[in-house]
Each structure stands twice: as structure tokens, then as C-alpha cells.
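Asker: After the sequence you'll find the predicted model.
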Amino acid sequence: MNKFSRIGFILAAAGSAVGLGNIWKFPYVTGEYGGGAFVLVYLLAILFIGLTVFLAEAVIGQNAQSDVATSFVKTSKTKNENWKFAGFMIISGLLILSFYSVVLGWILDYVITSFSALPTEASVAGAAFEKLISDDIGNLIVYHTLIAGTVIFIVLKGVKAGIEKINLILMPLLGIILAGLLIYALTLDSFSQAVSFMFSPDFSKINGDALLAALGQAFFTLSLGVGTIMTYSASLPKEANFVKSSFYVALVDTTIAIIAGLIIFSFLFEAGAPSAAGPGLVFISLPVIFSGWGVLGQVIAVSFFVALVFAGITSAVSMIEPSLKFFIERFGFTRRKATILCGSIFYGLGIVALLSMSKAYGAELTFFGKNAFDWMDFMTSSIMMPLAAIITCIFLGYFVDKQMLQEKFTKHTSVAVFNIWYSLIRYVVPIAIIILFLNKLGILS
Ligand code: PFF
Ligand code: NA
């Protein structure tokens, strides 16, 4: 059977969760919002909102054991066929994968350049990054092709021999690299500074924007609103404890984000570099710091960027799987045919995203001020993912038999935990997402 083992599920779901969101995005967003207070709000968002939606996707998936569209129909009280439209969320996975693969391509370039020469000044590093993403189109196409080819190769082999196996290999390697980097960070004087930056909250830095950034990051980091967790849970054996598994995945994801933050802030503070550098934190600030550390710096640079690639690959395979399962289960496609179709779609969209950043081919082609790359990012993280999450909550809270849900949960946990989860699903999470949604669309700002 093409199913995960329980540990295989935890690894694969953790592999999906742990990605660029943890090692690149979490540290720079934390830096931008000034550290500790943001971290605290983020942890609360993970615990009360992220974990709640994670459990929601897991219970639907494990119960229905099917693709996202069919799972909604099967789980609904009335078996109403219209719930299949909730399956729209799988499109987000392909859209995210398109530009995620491009970003992983940039990181491949950093792995390669870390072997030769690292920039010694921020202005040089900034210019090199700018040139890479807007000028080196030939290279970027090669990198994107390599990443896309790897993703396609893995998913072609199926859930167990492909996805479970790659996670079994890459997740421990990722753990080893991060442990090594953490040990090095611990030897630096700046480590304690990094700890206090991340854990002593300055509440004057908390505003509406920070709350919303924390909430958005909680969804993205746990791979929610894409049908990924639902799809992976559909390959979780029916008797497995989905409550515990979900909890472990959220714990692993959060731990890795915190560790990545501690490592990166130690490095930044050691060099006296600013913590609020934004998205360029990893691509511009870090290489300059590494270059000051000689050969050891190069080893650290290579390890760091390899870790990002490993984390990203295990997330990337999880973005395409919901679409594959959809075509396989609903249209009787072979895995091969589904992979060729979905692979071509995201590969092609990735090329569009990549060209849309290039000076020569597309930088001036914007619609409403955004290029294709930004549109794919905006459409998914600001519109489709929150919409999918809210539909999932309202579905479970109002259109699914409560008794059935309670039985599923209480097989593994107490009635009290179920009741808390159920109120979060019915009231708290939908309201939080509506606020997030309106704000992102600029209606509440
Ligand atoms: N959770 C991943 C990260 O933190 O990088 C990103 C992601 C993976 C989002 C899979 C959505 C998804 F379906
Ligand atoms: Na993550």
C-alpha cells in the first residue's frame, strides 16, 4: 500500500512544514518586528490558531483517506457534492511551488558561490544578489530546471518510496547541519544577545501589523490552506494518533524556526550587523559575515545554504502532492500522467515567475504594480490560503457531524481538548482570519 508509517507521516509532514519559511522568513520577519514580542505573538498564533487548523486538515484527511475535493464531500454531514469546490485550494500548492522553486534556485547559486568567493561588503553582496535575480537568467533557468526535476523525480516514485524516503534522508541531515551551526553559534559571545533579542519582549513593538504578520507566518510555516496536510493525512493509517502527530509536527516546526533565529541573530550580532535587514537578511547580510570568517566561514556558508536547499526540497514535494492525488483519485490518472501534467504546469509558471524579475525580459511587465512572481505570492498567501483555511474551519464547525468529530478526537485525547478545539474552529479562528484577510486586502488599514 502507498501509505506512510506513523513516523514516516510525522517526518514527511515536518519536512513539509520546515522550509524556507523557518530558516529564511521567520528570522527576517522577527528582525523586522523587533524580536521578542513578535516571537511571543507568533508562538501564541501557532498554538491557538496554526495547530487548530492543522488538526482540522488532519482529521478530514485521515477520516476520508482521499484527495482534497473528495475528502470534503465525504466528510460533510449531507455528502453534498458541491463541497468538491473546496478542492480549489490545491491550486495554491502549484502556484507556491512555481516561485518556491525559483527561490531554491537562487539558493543553489549561493551554495556554488560559497565554495569560491563570498562578498566582503554589503554593497557588493547587495549588487550580486540583484544581478543574480534580475540578470543571470540562463543560470536561473538551469537551477529552476534542476530543482523542478528533483521534485518531479521524487514524487514520481510515490508516497512511500519517494516522499517518505526523501524525508527519511534529508530531515536527519538537516538536523545535523542545524545542530552544528547551533553549536558554533553557542561559542560566540553574541549568543546571549540573540537569546535576549528573541525572548525578552518589548511590547511597544506590537501593533496590528505585527499580529497579522505572526498569524500569516503561522499558516505558511505549518503548510496550511493548501491541502497539503489533508493530503498527507489521507496516507496516514486510520488508527494512527493524528492528535499527537499534529502536535509533534508543530513542535518540530517551531523548534527549528527558533533555532534558525538563534543561529542567524548570533551571527548578525557577532558582526554588529543590523537585525532588521528584511528579505535580504539571508542573501545579503549573512554572506558578508561569512566572508569575514575565512575558510571556516566558507564551510558555514556552504552548510547553511545546503540546509536551506534540503529544507526547501522536502517542502516543495509536499506542494505538488495534493494536485497529484486529485488527478489520480478523481480522474483515474496514473501517477506518471498526473506528475507530467502538474510538473509541466509549475515548471512553466516558474519560468514565467523567473522571467518576470529579469531586467531584459519582463521587469517592466507589471499588472497593478506587481510582476508575475509577486502576483503568485500575493494570490496564494494573502488570498487563497486564508480563504481555504476559513472554509475548512466553517466546514468543520457547521457542516460536519459534531458527534463524529468528537469520537475521532476522544479516541486520542480528552473531551476538554476536543471542546477547546471545537470552539476555536467555530469562532476564534474564522474571526482571526477574516481580520487578517481584510487587512491584507487593505480594507482595514
Ligand atoms: N511550510 C513551508 C515553509 O515554512 O517553508 C512552506 C509551505 C510548504 C507552504 C507546503 C505550503 C505548503 F503546502
Ligand atoms: Na515552516
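Answerer: Thanks, I have it. Ligands and ions are numbered 1, 2, ... in the order given.

Asker: show me the contacts for the closest residue to ligand 2 within the stretch 101-250 of the chain.
Answerer: Residue nearest to ligand 2 within the stretch 101-250 of the chain (C-beta to the ion): Thr221, separated by 3.3 Å. (Glycine included, C-beta is placed from N, CA and C.) For Thr221, the contacting residues are Ala17, Gly19, Gly21, Asn22, Lys25, Phe26, Ile46, Gly50, Asp253, Ala257, by C-beta atoms under 8 Å, 6 or more residues apart in numbering.

Asker: so which helix or strand takes in the nearest residue to the fifth one once chain neighbours are set aside?
Answerer: The one in question is Lys25. Among residues not flanking Lys25 along the chain, Gln217 sits closest, at 6.8 Å (C-beta to C-beta, 6 or more residues apart in numbering). Gln217 belongs to helix 208-221 when elements are defined using DSSP states H and E.

Asker: Determine whether any part of the following helix or strand past that helix lies close to ligand 2.
Answerer: Later in the chain than helix 208-221, the nearest helix or strand by DSSP H and E is helix 228-233. No. Shown here: helix 228-233 not in contact with ligand 2 (C-beta under 5 Å from the ion), separated by at least 11.3 Å.

Asker: Can you spell out which helices and strands pack onto the helix or strand following helix 228-233?
Answerer: Remark: after helix 228-233, the chain's next helix or strand is helix 242-270, criterion DSSP H and E. Using 3 or more C-beta pairs under 8 Å, 6 or more residues apart in numbering; DSSP states H and E, the elements in contact with helix 242-270 are helix 6-17, helix 26-32, helix 36-45, helix 51-64, helix 165-186, helix 191-199, helix 286-291.

Asker: Just the residues contacting the last one, thanks.
Answerer: Contacts of helix 286-291 from elsewhere in the structure, counted by C-beta under 8 Å, 6+ apart, are 110, 114, 117-122, 124-125, 264, 267-268, 270-271, 273, 297-298, 300-301, 304.

Asker: What pLDDT does the model give the residue nearest to Lys25?
Answerer: At Gln217, the predicted lDDT confidence score is 93.

Asker: ok, how many other residues are close to the nearest residue to Leu424 once chain neighbours are set aside?
Answerer: Nearest residue to Leu424, sequence neighbours excluded (C-beta to C-beta, 6+ apart): Thr52, at 4.4 Å. A count of nearby residues for Thr52, using other C-beta atoms under 10 Å, gives 24.

Asker: Tell me the residues on this structure that lie near ligand 1, please.
Answerer: Residues of the chain lying close to ligand 1 (C-beta under 6 Å from any ligand atom) are 16-17, 19-22, 93, 96, 220-221, 223, 226, 228, 315, 318-319.

Asker: Check the residues you listed and tell me the two furthest apart.
Answerer: Asn22 and Gly93 (18.1 Å; C-beta to C-beta).

Asker: Who has more neighbours out of those two?
Answerer: Counting neighbours by other C-beta under 10 Å for Asn22 and for Gly93 shows that Gly93 has the greater number, 31 against 27.

Asker: who are the neighbours in contact with that one?
Answerer: Contact analysis of Gly93 by C-beta under 8 Å, 6+ apart lists Val226, Gly227, Thr228, Ser318, Met319, Ile320, Glu321, Pro322, Ser323.

Asker: What subset of the residues you listed is buried?
Answerer: Using 16 or more other C-beta atoms under 10 Å as the burial test, the contacts of Gly93 include Val226, Gly227, Thr228, Ser318, Met319, Ile320, Glu321, Pro322, Ser323 as buried.

Asker: Identify the nearest residue to the one residue in the stretch 251-400 of the chain that gets nearest to ligand 2 in space, disregarding sequence-adjacent positions?
Answerer: Residue of the stretch 251-400 of the chain nearest ligand 2, by C-beta to the ion: Asp253 (4.9 Å). Nearest residue to Asp253, sequence neighbours excluded (C-beta to C-beta, 6+ apart): Ala17, at 4.0 Å.

Asker: you'd agree that neighbour is up against Tyr248?
Answerer: No. Ala17 is not in contact with Tyr248 according to C-beta atoms under 8 Å; the separation is 10.5 Å.

Asker: so what sits against both of the two?
Answerer: Common neighbours of Ala17 and Tyr248 (C-beta under 8 Å, 6+ apart) do not exist.

Asker: neighbour-wise, which of these two wins?
Answerer: The neighbour comparison of Ala17 against Tyr248 (other C-beta under 10 Å) goes to Ala17, with 29 against 17.

Asker: and the gap between the more buried one and Ala338?
Answerer: 24 Å (C-beta to C-beta, to the nearest Å).

Asker: quick one: buried residues of the helix or strand containing Ser344?
Answerer: In this assignment (DSSP H and E), Ser344 forms part of helix 335-355. Judged by neighbour count using 16+ other C-beta under 10 Å, the buried positions of helix 335-355 are 335, 338-339, 342-343, 345-347, 349-355.

Asker: Kindly export the next helix-or-strand element following that helix (C-alpha atoms) in CSV.
Answerer: Where DSSP H and E defines the elements, the next helix or strand beyond helix 335-355 is helix 372-377. Extracted in CSV, the C-alpha atoms of helix 372-377 (Å, rounded to 0.1, in the frame of the first residue of the first chain):
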residue,chain,number,x,y,z
ALA,A,372,4.1,37.7,-12.1
PHE,A,373,6.3,36.5,-9.2
ASP,A,374,4.7,38.9,-6.7
TRP,A,375,1.3,38.0,-8.0
MET,A,376,1.7,34.3,-7.4
ASP,A,377,3.0,35.1,-3.9
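
Asker: For the stretch 251-400 of the chain, what lies in contact range of ligand 2?
Answerer: Neighbours of ligand 2 within the stretch 251-400 of the chain, by C-beta under 5 Å from the ion: Asp253.

Asker: pLDDT below threshold where in the stretch 251-400 of the chain?
Answerer: For the stretch 251-400 of the chain, applying pLDDT under 70 flags the ranges 363-364.

Asker: picking that back up, show me which of the contacts of helix 286-291 are buried.
Answerer: Listed as buried from the contacts of helix 286-291 are 110, 114, 118-119, 122, 125, 264, 267-268, 270-271, 273, 297-298, 300-301, 304; burial here means 16+ other C-beta under 10 Å.

Asker: Tell me which of these fall in helices.
Answerer: When DSSP state H defines the helices, the subset of the buried ones among the contacts of helix 286-291 inside them is 110, 114, 122, 125, 264, 267-268, 270, 297-298, 300-301, 304.

Asker: relative to its centroid, which residue of the chain is most remote?
Answerer: Relative to the mean C-alpha coordinate of the chain, counting by C-alpha atoms, centre = their mean, the farthest residue is Thr78 (33.1 Å).

Asker: Alright, that wraps it up for me.
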